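[1] Structural data only, the sequence is not supplied:
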């Protein structure tokens, strides 16, 4: 088999929504690399959320912020952030609207004053929405263990900003107030969404994959992508083979080339075997 480049989403693909990493997923990655394949994570997480137990796996590189940051073998290929002015305007708008939020930066996750308390209900709803056990025990501290509080929120190193939606109107208002930026939702579909986020326009996982492939001098025909959520659909659609996790949503399963088992049921390992990567 030709050497392949494998792109893995993190949440719901590599790890479950309690940040549990199956040991055989690590084994699959190492075996694939030993066979000459390269493995990159492609995630909405800023690098500050790529905790040591993930980075220590030893990936060939990392695409973060849903495509705003690209790193390959320790070299930064791309880093695009919101301007300090944009960040200040967003922070001020969220505060004036009474919404709690956190800034996603490669240097840390920075929470608003009351995110830890206000976020409990929303985090529990998010875990329950994913159909995972233990939702009632989840808190922002368990999902974001290294969240930083009390630091200045006017920054120039922010990839994107996520905020809790008190209602769907908060998302619509953000779209109206920041037309030059990309405003999205996550943790639910349409009016059931739990979070909004704000980032630069023209950033997505598929665009970042193309930028990385150009840097590596590789062809998209030699790629596989794994994901579980709507935000992963562009990269699954773009890569030669798109694999949806068994715990994934209906939309991504309908468009995927192959559906593997869930994270908890050894989905990555089984798919790596199926495609003879290991």
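    Thanks, I have it. These numbers come from a predicted model, not from an experiment.
[2] Now do the contacts for residue 223.
    4, 5, 6, 7, 209, 213, 239, 240, 241 (Cβ atoms under 8 Å, 6 or more residues apart in numbering). Any C-beta I mention is one placed from the backbone N, CA and C, and that applies to glycine too.
[3] Apart from its chain neighbours, what residue comes closest to the residue most central in space within the chain?
    In the chain, the residue lying closest to the centroid (Cα atoms, centre = their mean) is residue 44, at 2.5 Å. Closest residue to residue 44 apart from its sequence neighbours, by Cβ to Cβ, 6 or more residues apart in numbering: residue 66 at 4.7 Å.
[4] Return the member of the contacts of residue 223 nearest to residue 219.
    Closest approach between those and residue 219, by Cβ to Cβ: residue 213, at 7.1 Å.
[5] Tell me which residues touch that closest one, please.
    Contacts of residue 213 by Cβ under 8 Å, 6+ apart are 5, 219, 220, 223.
[6] What residues are bridge-paired with residue 62?
    Beta-bridge partners of residue 62, counted by DSSP bridges, are residue 41, residue 71.
[7] What is the neighbour count of it?
    Counted with other Cβ atoms under 10 Å, the neighbours of residue 62 add up to 21.
[8] While we're on it, how confident is the model there?
    Reported pLDDT at residue 62 in the predicted model: 94.
[9] List the contacts of it.
    For residue 62, counting by Cβ under 8 Å, 6+ apart, the contacting residues are 40, 41, 43, 47, 50, 69, 70, 71.
[10] SS state for residue 243?
    Three-state assignment for residue 243 (DSSP: H, G, I helix; E, B strand; the rest coil): strand.
[11] thinking again about what came up before, assign the residue nearest to the centre of the chain to helix, strand or coil.
    Taking three-state DSSP as the rule, one finds residue 44 in the coil state.
[12] Hmm, it is touching residue 65, no?
    Yes - with contact defined as Cβ atoms under 8 Å, residue 44 reaches residue 65; the gap is 6.8 Å.
[13] Appreciated, that's everything.
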